[in-house]
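In: Fold the stuff below for me.
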Amino acid sequence: MKEYFEKYAELLLKRCLCLDKVRPLLVTVPVRAIDFAIVLAHTAYEMGITDVYFDWTDEDLKHEQLLHFNDEDLINSPFWNKKIYDEYAKKDAAFLMLYSDDVDLMKDIPEAKITLTSRQYRNSRPFFKKRQRTDEIPWCIALIPTPGYAKKIFPNSQDPLKDAWDAIFKCCLIYEDDPIKAWDEKIKRTQMKCDILNKLQFKYLHYTNSLGTDLTIELPKNHIWSGAGKENQDGIPLIVNMPSEEVFTSPKYDGINGIVYSARPLVYGGSLIENFSFEFKNGKVIKVKAQSGEEILKKMIETDDGSAYLGEVALVDYNSPISNTNLIFYETLYDENASCHLALGDSFPTCLKGGEDMTSEELRKQGLNKSLIHTDFMIGTSDLKIVGTTFKGEEITIFKNGNFILE
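Out: Prediction:
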């Protein structure tokens, strides 16, 4: 296992974050993943990085605080008060966020507390979020399994943690002789899709499938499709999600109409939301339905003025490595890379030509959304069809039977 831990650590630090120079590093990591954290620390120290801050997390302790703390205590808890992120963002640090949520653990927590802590988590690090949003700093999100999380994915396994690590290593190409080289090859294929879409410049995307999805999404003029390996402001080709199968852009916030149904569960603030739908009119969610977690969704879209509008549209082949595992990971990072998805909330300034140099007001005029939240939800199915209409009025099928068909 140590050999694969080392390859995973090197992939995250050397390729995803591209740490070819010494800079501070903040790592969010579950305390139950201490074995991997030690290997990661060793790799970082060997690279000459000595300012490494470990932001330890623990789902059981979070649960106990949510169960017993009042609102003021929760707001001040370091589990959700992440001011340290701003301190390291000011030092031009790199950020590696390693997550693992035990979604069943929070079933007895009131929805109001989930909403409160999710809001505090976002609000307590505004400078970091600003620099992250405009790709001014290196950052990456990856998955680290813990025993409780692994049991959720592999409930009948004799060794769920081993099986969870195996699934992660397969999806992240860790079993390849040279994972970094393998990802460089994958990024070339991703960039080819981006080049095709950017050249076509669609004005509308129309989604339909057998679940009942019938959604039209308008895209702003001069939008840019991006994917893994996109260069940040310093020209560094980061991989901000590991793994990453998507190509994505930001829609025109007031140009979404119709209804869309979820294809996979969503974990939000530690709570599981299943079988839900959103109905849009002129960009805004006007109706929410869910088999479970409906009130959480309703509270989420009331976060601020932009939380009921879309900030991202992402294309992912149904025939993707993560989808082909036939697993529900109950972690947005993986489930969103197994399925076409959308995101409510904040948009990406870098997905608009010249957007990184625009003010929030200027971005808004161009059609990009602004919000404290950015919540991805999965909509891709085996029969999803997407038809694009260019600004010249030409209709072109982009997706058929759930997969990208343009060459």
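In: Pull the number of nearby residues for residue 34.
Out: 12 (other Cβ atoms under 10 Å). In this view, the C-beta of every residue, glycine as well, is placed from N, C-alpha and C.
In: Where does it sit, in terms of helix or strand?
Out: Using DSSP states H and E, residue 34 falls within helix 34-46.
In: Give the rounded mean pLDDT of that helix.
Out: Taken as a whole, helix 34-46 carries a mean pLDDT of 96.
In: tell me which strands and helices that helix is in contact with?
Out: If contacts are counted by 3 or more Cβ pairs under 8 Å, 6 or more residues apart in numbering; DSSP states H and E, helix 34-46 sits against helix 2-10, strand 25-30, strand 52-57.
In: Compare those and give me the one nearest residue 153.
Out: The closest of those to residue 153 is strand 25-30. By Cβ to Cβ, the value is 15.0 Å.
In: what residue ranges in this structure score low on pLDDT?
Out: The chain contains no residues with pLDDT under 70.
In: Show me the domain layout of it.
Out: 2-171, 179-401 (automatic domain parsing).
In: Including distance to residue 407, could the ones you listed go into CSV?
Out: Shown next, in CSV, are the domains of the chain (distance: least, Cβ to Cβ, whole Å):
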stretch, distance to residue 407
domain 2-171, 25
domain 179-401, 8
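In: still on that earlier bit, can I get the helix holding residue 34 as PDB, trimmed to CA atoms?
Out: Listed next in PDB are the C-alpha coordinates belonging to helix 34-46 (Å, rounded to 0.1, in the frame of the first residue of the first chain):
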ATOM      1  CA  ILE A  34      -3.100   9.600   9.300                       C
ATOM      2  CA  ASP A  35      -1.100   6.900   7.400                       C
ATOM      3  CA  PHE A  36      -1.500   8.600   4.100                       C
ATOM      4  CA  ALA A  37      -1.000  12.100   5.700                       C
ATOM      5  CA  ILE A  38       2.500  10.900   6.900                       C
ATOM      6  CA  VAL A  39       3.400   9.800   3.400                       C
ATOM      7  CA  LEU A  40       2.200  13.100   2.000                       C
ATOM      8  CA  ALA A  41       4.200  15.100   4.600                       C
ATOM      9  CA  HIS A  42       7.300  13.100   3.800                       C
ATOM     10  CA  THR A  43       6.800  13.800   0.100                       C
ATOM     11  CA  ALA A  44       6.300  17.500   0.700                       C
ATOM     12  CA  TYR A  45       9.300  17.800   3.000                       C
ATOM     13  CA  GLU A  46      11.500  16.000   0.400                       C
END
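In: Share the number of residues neighbouring residue 403, please.
Out: Neighbour tally, residue 403, other Cβ under 10 Å: 17.
In: which residues touch it?
Out: By Cβ atoms under 8 Å, 6 or more residues apart in numbering, residue 403 lies in contact with 317-319.
In: try residue 149
Out: Residue 149 is in contact with 100-102, 164, 330-331, counting by Cβ under 8 Å, 6+ apart.
In: Residue 350 reaches residue 135, doesn't it?
Out: Yes - shown here, residue 350 and residue 135 form a contact pair, counting by Cβ atoms under 8 Å, at 5.6 Å.
In: Find residues that contact each of those two.
Out: When contacts are counted by Cβ under 8 Å, 6+ apart, residue 350 and residue 135 are jointly contacted by 230, 356.
In: re earlier: okay, the helices and strands packed on helix 34-46 in CSV with mean neighbour count and distance to residue 141 next?
Out: Shown next, in CSV, are these (neighbours: other Cβ atoms under 10 Å; distance: least, Cβ to Cβ, whole Å):
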stretch, mean neighbour count, distance to residue 141
helix 2-10, 18, 14
strand 25-30, 22, 9
strand 52-57, 17, 13
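In: Against residue 352, how distant is residue 115?
Out: 30 Å (Cβ to Cβ, to the nearest Å).
In: ok, the two, which is more surrounded?
Out: Counted by other Cβ under 10 Å, residue 115 and residue 352 do not tie: residue 352 has more neighbours, with 23 against 20.
In: how about the helices in the stretch 201-350 of the chain?
Out: In the stretch 201-350 of the chain, the helices defined using DSSP state H, counting those that start in this stretch lie at 294-300, 332-335.
In: Show me which residues of the first one are buried.
Out: Just to be clear, that refers to helix 294-300. 294-297, 299-300 (16 or more other Cβ atoms under 10 Å).
In: Ok, stretch 86-93 next?
Out: Applying 16+ other Cβ under 10 Å to stretch 86-93 flags 86-89, 93 as buried.
In: one step back: which stretch among the helices of the stretch 201-350 of the chain comes nearest residue 29?
Out: Among the helices of the stretch 201-350 of the chain, helix 332-335 comes nearest to residue 29, with 14.5 Å by Cβ to Cβ.
In: Regarding this structure, what is its longest helix?
Out: If you go by DSSP state H, the chain has its longest helix at helix 179-200.
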